[in-house]
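Novice: build me a model:
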Amino acid sequence: MDDLEKAILICFDESGTLDSELKSKAVAFIQQVKETPSIRTICIQKLCFSKLVQVQFWCLQCLHEALRDKYTSMGLEEKSFIRKSVFSIACCEAVNVNDHNSVLVLEGQAFIKNKLAQNLSKGRMVIDMFCRILNALDDEVISLDYLRNGDEMAVAGRIKDAMRAQCVPQIVRAWYDIVLMYRNSDPELCTSVLDSMRRYISWIDISLVVNELITGLLFELMLVNGFPDQLRGAAASVLLAVVSKRMDSKSKLALLQSLHIRRVFGLVAGDGDSELVSGVASLLTGYATEVLECSKRLSANDGKEISLELLNEVLPSVFYVMQSCEVDATFSIVQFLSGYVGTMKNLSVLTETQLLHVRQILEVIHVQIQFDPVYRNNLDVLDKIGREEEDRMVEFRKDLFVLLRSVGRVAPDMTQIFIRNSLASAVASSEDRNVEEVEAALSLFYALGESISDDMMRTGSGLLGELVRMLLSTRFPCHSNRIVALVYLETITRYMKFVQENTQYIPVALGAFLDERGIHHSNVNVSRRASYLFMRVVKLLKAKLVPYIETILQSLQDTVAQFTSMDGASKALSGSEDGSHIFEAIGLLVGMEDVPPEKQSDYLSALLTPLCQQVEFALLNAQTQIPEESATKIANIQQIIMAINALSKGFNERLVTASRPAIGLMFKQTLDVLLRLLVVFPKIEPLRCKVTSFIHRMVDTLGASVFPYLPKALEQLLAESEPKELVGFLVLLNQLICKFNTGVHDILEEVYPVIAGRLFNILPRGDIPSGPGANTEEIRELQELQRTFYTFLHVIATHDLSPIFLSPKGQGYLNPMMQLLLYASCYHKDITVRKAGVQIFIRLIKDWCTRPYSEEKVPGFQRFVVDAFATNCCLNSVLDKSFEFRDANTLVLFGEIVLAQKVMYEKFGNDFLHHFVSKGFSNAHCPQDLAEQYCLKLQGNDIKTLKSFYQSLIEHLRLSCTIFLLAKGFFSVNTIHLAIIDSEV
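Specialist: Residues are numbered from 1 along each chain as shown. A predicted model of the protein is given here:
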């Protein structure tokens, strides 16, 4: 044993008894040996003579690294020596190294043999090595399944060209001879050979494979029962590679026709988990895909009829595969079937065969969209597993439903008949499949509705009317299940236009929503969804439901009471479907002018009075309640406010203020009660938000008659508001301004100074910090508050309320407001905020400035606009390269900036023009001729021409500025250089 072998053994030692320093020295030594030029020869020698497993393993690793990293730098003689030596070692032949006798490497341990096509006797070993080399060549160099760069693709091309010219026929013949010889004695070896063959078919001459000998052998392997399934499946994979080979459609059709694929149709009826059935299933789907492509591309003269015959022949087996077998992941069922359905789009009448295929396609869709019964309980209670499965199925079904609608357009009658039969069959099916089959049938009917026009929906053309009647009248045994109940209600809602036209079905439809199938369902998720869908139904049917109001209200009494009870508040669901939609539905029903005034007052009073009484009772006992009771009571009050809010959506301003003021009075009294909550519970944020929301609602409902309640409401909302709540307060003020314009002047004059004083202390003068470290809740609240405040200022300015800024109390905040607006107009990161800032300035200039030489309405404002706003916003900010003209929002902002210049010229005349040109343009190094052109464009009447010219001017100034700075830098460098030389002299 020499020093190298000793060092290798020390490195591989895992006993833990050797000194770490000794190991380090051993590692350093063998690394030094690795760097010697003769390392490849050393490795070959050690592989031949050493019987130490660790040494052999290390030598193989070294050889691999050398070939990988240094092969291109080796000489021809060394390459030839390594190639011959490695091949001889792999084939268990002796290797002559420096005239010594060698040993056979494969006498070593098992994992060494893994490195060199292990455990092989002479014949089998060489065949296995042959397959391994071909597979490695495909994986590492040729296969397009791996991402390769241009150079690697060129190398692969050269290798394939050389192989085609020199050895491909011999390789194919070897494949055939090996399989023929070993098919009975060594099927595992034959499977490996067929796997190699499959890899190469895509780029070799197909006639070498598609001939009587090889294809005959492949079909024999598949069809003879005595062979193992693994071997038979491998033969199917080779044939799949054959049918998938790229070629022109005419040649492809001849190839497909020559295979007589019908011979293997019966094989898919076997065990669905076997490799044979899986392989044949992939073969048939691949074959059908290729035939379909041929039928699309070929004309009648080129064999289109033949391709359709082949397609019709294989489709029954493909449909069976889709429903009964595990389909290969590379085959898209939907894509294939959509392509087939697409061939029927322009046909006026379908043949019997095509109609049969349409029915089979519908069967495939029906089977594919069904939930697995394993998840039935999970889906019913909607736990984590059920939610994941539902989400997965929603995504999975999307393309299948698109396919369904395509089928429905091609064969509408067949589709509707199928759905009708599916519903009937599902109802009669056994209990263990009933839920999934009913849900799937209903989902088909629901999805079909997307492709049906409103006219067809109303008239119930074809079998549609019968289907809707069947839907309304059927009682499914599994209706208690969540997924069935939900899709049932969704489907009825989708086809409600038929009921709207055929009013005799209204009672039946209402029953579905009002009984245990809908709002009274035992599952709260179904009940809440039913409430929302019922609200949509009420919106659609409207006056046609007036005769049924009494019945509806009686049916909903318990639901209404439960929602606003303590128990209902504790079980309230979060999200948009919180149960309040039932009150919106009631409001829509009761709020119609078709309802007699007396009845309307009675209905509304019966709803509002008990709700307000509950709130008043809570207010009276607020001080005596313990914290736990108080929390429950507050949650209950929130539910009540939500209910009243939703209820009020059914009443419009004209009805409650003009035609039926008694209704308006009831809402005013309700508002008065709810405003007292702000006094008794001033710091309960969720409660304040709910009351604010109701005030919003009353502004729309009561109109100007809400004014007497606003001072008290605004005072309470502003008193205890945090920055987050100030956003809601500003939104409320924006609503009031947009609705009443100058009508809110007095209110705004009182609250603006308070708001301004608070916000100018909260908001920073510049940008709010942003970035990963600044993504906190507090920062996000500040950003939202800032955006809302800018919107608030914009709404004031654009609704003739700018005098608010000049009021005695508001004037003290004029300067900070101007600085804030100037910063926003010039530098804010949000382009929409910058645009709002510019628009505010435009409006203030129009409001506060008259024609030149008149007395100033706001002393100093004109000078501020000309000196600060004009130069910084209208020139400097757009000269910055971050001002991107290719961005649509930025271009809109630029239009506002140009408009601002036009307004400033109209109001300030030459005072603006002289300052802007002489100071601004000169600092930007603007040529005199362009400045003169700007003046002429500004004095003209064409704003579009001015905008276009100013954009080109800015782009010119940017370029000039860049050249100037480069030149300035060049001269500065040379000046420094000359100064250094001068100092040296």
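Novice: any stretches of the stretch 851-985 of the chain with poor pLDDT?
Specialist: In the predicted model of the stretch 851-985 of the chain, residues 851-854, 961-985 satisfy pLDDT under 70.
Novice: can you check the stretch 401-550 of the chain too?
Specialist: 431-433.
Novice: same check, this time on the chain
Specialist: 87, 90-123, 272, 327-330, 431-433, 566-577, 624-629, 771-774, 851-854, 961-985.
Novice: might you report the residue contacts of the nearest residue to residue 7 once chain neighbours are set aside?
Specialist: Using CB to CB, 6 or more residues apart in numbering and skipping residues adjacent in sequence, the residue nearest residue 7 is residue 26, 4.2 Å away. Yep, even glycine has a C-beta here, placed from its N, CA and C like the rest. By CB atoms under 8 Å, 6 or more residues apart in numbering, residue 26 lies in contact with 6-8, 10-11.
Novice: adding distance to residue 604, neighbour count and secondary structure, write those out as CSV.
Specialist: Below are the contacts of residue 26 laid out as CSV (distance: CB to CB, whole Å; neighbours: other CB atoms under 10 Å; DSSP: H, G, I helix; E, B strand; the rest coil):
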residue, distance to residue 604, neighbour count, secondary structure
6, 100, 14, helix
7, 97, 23, helix
8, 95, 24, helix
10, 95, 19, helix
11, 91, 17, helix
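Novice: can you pull up the most central residue in this protein?
Specialist: residue 395 (11.0 Å; CA atoms, centre = their mean).
Novice: quick check, it in a helix?
Specialist: Yes: looking at residue 395 with DSSP: H, G, I helix; E, B strand; the rest coil, it is inside a helix.
Novice: ok, now how distant is it from residue 202?
Specialist: 32 Å (CB to CB, to the nearest Å).
Novice: related to what we said a few turns ago, return the distance of the helix or strand in which the residue nearest to residue 7 is found from the chain's centre.
Specialist: Counting by DSSP states H and E, the element that carries residue 26 is helix 20-34. Offset of helix 20-34 from its chain centre (CA atoms, centre = their mean, to the nearest Å): 55 Å.
Novice: next secondary structure after that helix?
Specialist: Criterion used, DSSP H and E; the element after helix 20-34 is helix 39-49.
Novice: which other helices and strands contact that following helix?
Specialist: When contacts are defined as 3 or more CB pairs under 8 Å, 6 or more residues apart in numbering; DSSP states H and E, helix 39-49 packs onto helix 3-12, helix 53-70, helix 76-90.
Novice: buried set for the longest one?
Specialist: When burial is assessed from 16 or more other CB atoms under 10 Å, helix 53-70 yields the following buried residues: 54-60, 62-63, 66.
Novice: determine which two of the residues you listed are furthest apart.
Specialist: By the measure CB to CB, 54 and 66 form the most distant pair in the buried residues of helix 53-70, at 18.7 Å.
Novice: could you report the neighbour count for residue 22?
Specialist: By other CB atoms under 10 Å, 12 other residues sit near residue 22.
Novice: so what's the residue lying closest to it once chain neighbours are set aside up against?
Specialist: Nearest residue to residue 22 in three dimensions, chain neighbours excluded: residue 10, at 6.3 Å (CB to CB, 6+ apart). Neighbouring residues of residue 10 by CB under 8 Å, 6+ apart: 18, 22-23, 26.
Novice: how far away is residue 10 from residue 232?
Specialist: As judged by CB to CB, residue 10 and residue 232 stand 52 Å apart.
Novice: returning to what we had before: output the contacts of residue 10 in CSV; the columns should cover distance to residue 271.
Specialist: Listed next are the contacts of residue 10 as CSV, based on distance: CB to CB, whole Å:
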residue, distance to residue 271
18, 56
22, 60
23, 55
26, 56
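Novice: out of those residues, which is nearest to residue 517?
Specialist: Using CB to CB, those come closest to residue 517 at residue 23, 76.9 Å.
Novice: turn the buried residues of helix 53-70 into TSV, including distance to residue 685.
Specialist: Below are those laid out as TSV (distance: CB to CB, whole Å):
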residue	distance to residue 685
54	72
55	76
56	75
57	70
58	71
59	75
60	71
62	72
63	73
66	72
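Novice: between those residues, which sits nearest residue 221?
Specialist: Distance to residue 221, by CB to CB, is smallest for residue 60 among these, at 35.9 Å.
Novice: ok, residue 255 touching residue 244?
Specialist: No: applying CB atoms under 8 Å, one finds residue 255 not in contact with residue 244, separated by 10.7 Å.
Novice: ok so residue 876 is a helix residue?
Specialist: Yes: the assignment for residue 876 (three-state DSSP) places it in a helix.
Novice: distance of it relative to residue 897?
Specialist: Where residue 897 is concerned, residue 876 sits at a distance of 11 Å (CB to CB).
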